[in-house]
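Chemist: need a structure here:
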Amino acid sequence: MSRSVRRTAGSSSQRGLRGGSVRADSQQAGGVASRMIWCAFMSLLLGNGCQSLQKRPVAGNVLSSRQIAMRGIDATQRGRWDEAESAFRSAIEMCPDYDRAHAGYAEALWQRGAKDLAITHQQRAVQLSGDDPELITRLGRMHHERGESAAAEHRVEQALRGNKDLAAAWLLRGDVMRERGALDEAVGCYHRALVVQPFYPEVQLALADTYQLQDRPQRVLATLDVLAERYGPGKIPPEICERQGVAQKTLGRWEDAARSFLAAGTFMNSPDIAFQLAEVQCQLGDFTAARVTVGTALQNAPQDPRLVKLAAEIDRRQQRMAAQAMSDLR
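Modeler: This is a model prediction of the structure:
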């Protein structure tokens with residue numbers, strides 16, 4: 001598995017712990033995992049053929065449509081969305097009532113930014129499938145990513161009426177609740193998802209982030225520790241390490257926080273993580289390391305006000321320490 005963890009079906013503007021980099025990593029991770037799960041789901045269901053023709057003998061154009069759709073799935077797994085879009089469009093032309101081809105086409109359109117058309121085809125897929133809960137959940141996630149919370153909530157409730165054990169639907173409902181500020185209800189939804197699917201990194205990250213919003217750092221760490229155990233030492237994805245560092249910093253566990261931020265390895269490209277790591281290094285009295293951390297980050301974000309201010313503070317402190325050392329020698 002890659003260093004990214006799962007971010008199925010979209011993101012929330014509140015998902016990050018404190019910095020934009022944590023949110024961005026979570027979103028990117030979610031996109032990869034969402035695509036993987038969607039591909040597996042599509043592979044299982046492609047054999048259904050055209051919904052309207054399931055009771056009839058399978059015609060040659062239906063078989064051809066399935067084969068073309070399989071090429072679309074292969075392209076999706078490789079992240080080649082242009083090829084996927086072309087394949088699914090051809091599959092629809094051969095079999096206009098093929099619900100899975102519409103779902104695949106919707107996903108390809110979504111990935112290239114054609115959001116309105118993607119939702120139209122996802123709605124069509126839902127209709128042709130007879131309201132399949134997983135397709136409804138994906139439609140709800142699309143609405144959620146567009147900021148259409150009411151539509152997202154409507155769809156997730158519809159999905160859960162069809163299948164109360166659908167973990168992705170509980171994740172989406174939790175995201176909707178958290179966005180609304182109903183944090184306790186969001187936590188309940190995430191736990192419900194984990195009852196169905198105990199190892200679900202996106203849910204576990206969302207749960208940890210919600211605990212952070214509730215100022216419950218011990219619960220954050222407990223949740224992340226369970227998730228980290230599945231990867232093993234040296235293989236923990238950076239978005240987990242970052243969150244562990246933030247919670248440990250909140251608890252004043254400076255050495256643990258420094259190790260977590262360094263293990264994430266993202267401080268060179270993330271001004272927020274670099275700032276937090278440098279603050280921890282200052283707390284540990286390692287101003288030289290803190291200055292190196294800030295200096296490296298400033299190469300990529302020279303105008304970041306927090307980094308500029310912290311660099312100046314570190315420089316002043318080092319100057320005072322040097323002056324004190326010289327005074328002591330006299």
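
Chemist: which stretches of the chain aren't confidently modelled?
Modeler: Low-confidence segments of the chain, defined by pLDDT under 70, span residues 1-60, 330.

Chemist: Tell me which helix or strand the nearest residue to residue 99 once chain neighbours are set aside sits in.
Modeler: Distance criterion Cβ to Cβ, 6 or more residues apart in numbering; nearest residue to residue 99, sequence neighbours excluded, is residue 128 at 3.7 Å. For every residue, glycine as well, the C-beta is placed using N, CA and C. In this assignment (DSSP states H and E), residue 128 forms part of helix 115-129.

Chemist: elements contacting that helix?
Modeler: helix 99-111, helix 133-145 (3 or more Cβ pairs under 8 Å, 6 or more residues apart in numbering; DSSP states H and E).

Chemist: between it and helix 133-145, how many degrees?
Modeler: With axes from the mean of the first three to the mean of the last three Cα atoms, to 10 degrees as the basis, helix 115-129 and helix 133-145 are set at 160 degrees to each other.

Chemist: Check which helix or strand residue 164 maps to.
Modeler: Per DSSP H and E, there is no helix or strand for residue 164.

Chemist: show me the contacts for the nearest residue to residue 262 once chain neighbours are set aside.
Modeler: In space, and not counting its chain neighbours, residue 262 is closest to residue 277: 7.0 Å by Cβ to Cβ, 6+ apart. Residue 277 sits next to 245, 258, 261-262, 267, 293 when contact means Cβ atoms under 8 Å, 6 or more residues apart in numbering.

Chemist: redo that, cut-off 6 Å
Modeler: Applying Cβ atoms under 6 Å, 6 or more residues apart in numbering to residue 277 gives the contacts 261, 267, 293.

Chemist: Closest to residue 215 out of these?
Modeler: For those, the minimum distance to residue 215 (Cβ to Cβ) is 20.2 Å, reached by residue 261.

Chemist: what's the distance between the spatially closest residue to residue 283 that is not a sequence neighbour and residue 324?
Modeler: Nearest residue to residue 283, sequence neighbours excluded (Cβ to Cβ, 6+ apart): residue 254, at 4.7 Å. Plainly put, residue 254 is 23 Å away from residue 324 if you go by Cβ to Cβ, to the nearest Å.

Chemist: tell me the domain ranges of the chain?
Modeler: As recorded under automatic domain parsing, the domains making up the chain are 20-266, 267-330.

Chemist: and among the ones you listed, the most buried is which?
Modeler: Most buried of the domains of the chain, by mean neighbour count (mean count of other Cβ atoms under 10 Å): domain 20-266, with a mean of 20.

Chemist: how far out from the middle of the chain is it?
Modeler: Remark: domain 20-266 is offset 8 Å from the chain centroid, using Cα atoms, centre = their mean, to the nearest Å.

Chemist: Same list (the contacts of residue 277) but as JSON lines, adding distance to residue 73 and secondary structure.
Modeler: Shown next, in JSON lines, are these (distance: Cβ to Cβ, whole Å; DSSP: H, G, I helix; E, B strand; the rest coil):
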{"residue": "261", "distance to residue 73": "38", "secondary structure": "helix"}
{"residue": "267", "distance to residue 73": "37", "secondary structure": "coil"}
{"residue": "293", "distance to residue 73": "43", "secondary structure": "helix"}
